[in-house]
Each structure stands twice: as structure tokens, then as C-alpha cells.
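Enquirer: Here's a sequence, model it:
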Amino acid sequence: MLEFNKITKKFNSDLFTQSFVALEDVSFKVEPGKIVGFLGANGAGKTTSLKIAMDFIRPTSGTVTFDKNLGTRNIDIFNNIGFLPERPFFYPHLKGREFCHFMGKLSDLTKNEINEKISFWAPRFKIDFALDREINTYSKGMLQRVGFLVTLIHSPKFIILDEPLSGLDPIGRKELKDIIVEVNKLGKTVFFSSHIVSDVEEVCDNVIFLKDGKLYYEGSVDKIIEDNIRPIANICFRKNGIFEIIKISNELKNQKIKELLNNNCEIVSVNSDKPTLEEIIYNVK
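Expert: Numbering: from 1, shown residues only. Next up is the predicted model:
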């Protein structure tokens, strides 16, 4: 759906200051039909990447290409993209419903089409009760919900979200993650940035990880975890009614199991240490 090919982005503040390299030779793909998490600490280059993808800024070098399913002309491509920035602007004195209609009209939707989309999505976002209130009365979570709703209002094929779960309480994050999964089940590709690793691990098929403007990981969440499984076995056994767990290298695992069985121990379970995605990400050097 989206491909970065050797993207570098440098920012020049003035003639006497060395350029700041926000992205360096970054290449990755967002495959159609997937939920892809875009990970990295604040300042890693995620927002810069998304601005380049949306053509808000241009790369210093490298190319960005989109799947032909989105169209061949820029106007068609971006009509098929729904984008929610990290800090969206809302007209504070508009009511939520008025804002939805305003955004829908920008995509040439009819009044009936907009109302149909509001009727479909507002209950799922649990924002329908507030749509007839002015936006300046909305909480952070409510703003995220109405912002996400208008991102979907024109039925885009490709959804790009910049830190959509940032600042939300655990319930709000869970509800928006459920929406991301539902959107994906409707056939949409979802690409969202986050610095909350557990959220990405929970809902994403693939992950792209930036560190200091460079690509460190790209691939499926399961494969990254599998590739980083530690060569340690956990053996849980019971003897004389008492449960114990021992850790041992995989090479010595079978030998230890035989010893335990010879000592009249009951083997309850054997498994390898499986790190979380968060442990893998934060251990990157």
C-alpha cells in the first residue's frame, strides 16, 4: 500500500548550523490488508515519515510509492487515504455533527452519505451522545474519537494514524484498538504510529521500528518475537506434591528432563522464554 525507498530527510536551520538528519536511508513497505504498527521513541522520525508519506514535506532523497489500487494520480491516491495527525485542529465552536458534515463535504459526500457514515461509526466510537455539543466541551478522548470518525467518513482504503492512542486512558485505548481491528476487517489497510509497544503487539500484523531516524526492524510481530526467543527452557515439575520451576539451556533440556523423571518427578510443562515485543524493542542497542 505504501513503500519508502531509501528515504533521507535533512533539516537545515541556517547557513552556520549543521543539518539535522531526521531520517537516514529508510526503506520499508506497508502491505495491503494489514495492520502495521510504526514504533519508535519520540523524536525517532515517525511523524516526519508520515508527513513525507502525505506529501506535506518532501524527502531530501529517496522515493515514496503507493499501491496502484489507490490510484495513479496524486488526487486519486490521497482521496483514498484517511489521515489523522497527532495534533488535529478542530473548530471549537462547531458542534461535533457540524464538524463531521464539514469534513464530509470536503470529500464531496452528500448530506445523506454523511449521515449514514455518522450513524454507522458514531455508536462504535461511543461519541453519538456528544455530537450535538460544541467541540470546545470535548475531552481529549472525545476529540480523538471524533477525529478518528471523520478520518473514516469518506471510506478510505488506506488509514494513516499518527499516535491515535496517545493520552488516552486504558479504556479509551482499548476501545480505539477495537475500532482499528474492525476497520481492518472491513478490508482497510491501517498504518499507525505509537510509542506504546504493547498496543502495537496486541493488534498489529507487522511492525516497523525506527530508532534515531534509522530502520531497525521490519516484519511480522510473531517473527520478530520468535527470532528473539531466548535459548532458555523453563521446566515445571512436581515432586512430593510440591511444584518447582527451573531454567536451563535448551542444549541441556532433554538431559535434565530424564534426570527429573528418574528421580520420580512429574513433568508439568516445558517451554522457552518468550520475550515481549516491548522487551525486544527497548533492548535494541
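
Enquirer: is Glu134 in a bridge, and if so with what?
Expert: Beta bridges link Glu134 to Lys95, judged by DSSP bridges.

Enquirer: contacting residues for it?
Expert: 92-95 (Cβ atoms under 8 Å, 6 or more residues apart in numbering). C-betas here are computed from N, CA, C, even on glycine.

Enquirer: and of those, the nearest to Gly213?
Expert: Of all these, Pro92 has the smallest distance to Gly213: 35.0 Å, by Cβ to Cβ.

Enquirer: which residues of the stretch 151-285 of the chain fall in helices?
Expert: Read by DSSP state H, counting those that start in this stretch, the stretch 151-285 of the chain holds these helices, from start to end of the chain: 170-185, 197-203, 221-227, 253-262, 277-282.

Enquirer: Which among the ones you listed is found nearest to Cys100?
Expert: Closest to Cys100 of the helices of the stretch 151-285 of the chain, according to Cβ to Cβ: helix 170-185, at 15.7 Å.

Enquirer: Residues contacting the closest one, please?
Expert: By Cβ under 8 Å, 6+ apart, the list of residues contacting helix 170-185 from outside reads 33-35, 124-126, 141, 144-145, 148, 152, 159, 161, 164-165, 168, 190, 192, 196, 199, 202-203.

Enquirer: In it, which of the residues would be classed as buried?
Expert: Taking 16 or more other Cβ atoms under 10 Å as the basis for neighbour counts, the residues of helix 170-185 that come out buried are 172-173, 175-177, 179-180, 183-184.

Enquirer: Nearest to Glu266 among those?
Expert: Within the buried residues of helix 170-185, distances to Glu266 taken as Cβ to Cβ reach their minimum at Lys177, with 40.2 Å.

Enquirer: The nearest residue to Glu266 once chain neighbours are set aside and Ser269, how far apart?
Expert: Taking Cβ to Cβ, 6 or more residues apart in numbering, and ignoring the residues beside it in sequence, Glu266 has Arg238 as its nearest neighbour in space, at 4.5 Å. Distance check for Arg238 against Ser269: by Cβ to Cβ, to the nearest Å, it reads 10 Å.

Enquirer: Neighbour count: those two, which is higher?
Expert: Neighbours of Arg238 and Ser269, each counted by other Cβ atoms under 10 Å, are more numerous for Arg238; the result is 13 against 9.

Enquirer: pLDDT score assigned to that one?
Expert: According to the model's per-residue confidence, Arg238 sits at a pLDDT of 91.

Enquirer: any residues touching the helix or strand of the chain with the lowest mean pLDDT, and which ones?
Expert: The element with the least model confidence among the helices and strands of the chain, by mean pLDDT, DSSP states H and E, is helix 277-282, at a mean of 71. Among residues not part of helix 277-282, those counted as contacts by Cβ under 8 Å, 6+ apart are 39, 197-198, 200-201, 207, 209, 217, 221, 224-225, 228.

Enquirer: quick one: which of those residues is most hemmed in?
Expert: Neighbours here are counted as other Cβ under 10 Å. On that basis the top member of the contacts of helix 277-282 is Val200, with 27 neighbours.

Enquirer: Leaving out sequence neighbours, find the closest residue to that one.
Expert: With Cβ to Cβ, 6+ apart as the criterion, Val200 has its nearest non-adjacent residue at 3.3 Å, and that residue is Gly37.

Enquirer: sorry, back to before: of the contacts of helix 170-185, which qualify as buried by neighbour count?
Expert: Using 16+ other Cβ under 10 Å as the burial test, the contacts of helix 170-185 include 34-35, 124-125, 141, 144-145, 148, 152, 159, 161, 164-165, 168, 190, 192, 196, 199, 202-203 as buried.

Enquirer: Give me the below-cutoff pLDDT ranges for this structure.
Expert: In the predicted model of the chain, residues 14-16, 228-231, 274, 282-285 satisfy pLDDT under 70.

Enquirer: domains for it, by residue range?
Expert: In terms of domains, the chain is parsed into 2-226, 231-274 (source: automatic domain parsing).

Enquirer: Quickly compare those domains and say which is most buried.
Expert: Highest mean neighbour count of these: domain 2-226, a mean of 17 (counted as mean count of other Cβ atoms under 10 Å).

Enquirer: Tell me the span between the first and last residue of that domain.
Expert: Start-to-end span of domain 2-226 (Cα to Cα, to the nearest Å) is 26 Å.
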